[in-house]
Structure formats: structure tokens, C-alpha cells
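*Asks:* Have a look; sequence and predicted model below, questions after that.
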Amino acid sequence: MPGGRAFYLTERLWKLSEGLPVESVPIDSIQEFDQDCWFGGRPVTCRMVAEHAARIHKADLRYPVILSADGRLMDGGHRIAKAWLSGATTIKTVRFPTDPAPDYIQPL
């Protein structure tokens, strides 16, 4: 987003994405799977990794990952990690045809 980073409240994304068609996509096609989405460039501690491991373990693969109109990850990083760890090469997703307005924008 020009001038800042868009943020979305997860619960709102869930509601807005209800009824969108579910599609399986290759995990490797989701570019955020190979990016730091959780730590913001900070030095990572074992505790931080363990906290995310717990969230990955608890992730519910019955719910699809939510993608933006251009295929960017909006919600579901822990589900992607769980699917990949289980040996899956694809994951169920929903994609917005046009992105909803963000809940807020963080200036750069």
C-alpha cells in the first residue's frame, strides 16, 4: 500500500471471506511461506520459535488460508506451515476478487 502497510483484523477477514470459492494452490506459490512474516527482522529466540511451533501444532487445516486479490497471504501462515510439515504440497485457499479496505494503515 503506498505510504504504509495495510493491516487487517483476522476475525473481519474470516467474515468477509465467507462464501468465497475454495481452491487448492501449491504451497510453494505462496511467497510469504519463504519470508519473515512473524518476527519482523528481530533476533529470534528459541522461545519465539517454540511459541510459533505451538501455534502451528494447533492450526486447524479445516479452514482455508485467505489470500488477497494478487495472491498475497492475509491469514493462515501457521496452517501453511502445518500442511507443509505433514508433507502436503497444496493447501486450500480462498482469494478475494478485490481486496477489502484495511482496518488500519501503519505508516512506513
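*Replies:* All right, it came through fine.

*Asks:* Could I get the full set of strands for this structure?
*Replies:* 4-7, 23-26, 65-67, 73-75, 90-95, 104-107 (DSSP state E).

*Asks:* Tell me where the longest helix sits in this structure.
*Replies:* The single longest helix within the chain, with elements called by DSSP state H, is helix 46-58.

*Asks:* Centre of the chain to it, how far?
*Replies:* 16 Å (CA atoms, centre = their mean, to the nearest Å).

*Asks:* hmm, back to that, the strands of the chain: lowest mean pLDDT?
*Replies:* Note on those: strand 4-7 shows the lowest mean pLDDT, a mean of 86.

*Asks:* Which strands border that one, and is each parallel or antiparallel?
*Replies:* Strand 4-7 sits in its sheet next to strand 104-107 (antiparallel), going by DSSP bridges.

*Asks:* any residues touching the partner strand, and which ones?
*Replies:* Met1, Gly3, Gly4, Arg5, Ala6, Phe7 (CB atoms under 8 Å, 6 or more residues apart in numbering). To be clear about C-beta, it is placed using only N, CA and C from the backbone, and glycine gets the same treatment.

*Asks:* I'd say Thr93 and Leu67 touch.
*Replies:* Yes - between Thr93 and Leu67 there is a contact at 5.2 Å, judged by CB atoms under 8 Å.

*Asks:* any residues in contact with both of the two?
*Replies:* Shared contacts of Thr93 and Leu67, defined by CB under 8 Å, 6+ apart, are found at Val25.

*Asks:* Around the closest residue to Arg72 other than its chain neighbours, count how many other residues there are.
*Replies:* Once flanking residues are discounted, Arg72 sits nearest to Glu32: 6.8 Å by CB to CB, 6 or more residues apart in numbering. Per other CB atoms under 10 Å, the neighbour tally for Glu32 reads 16.

*Asks:* Perfect, I'm done here.
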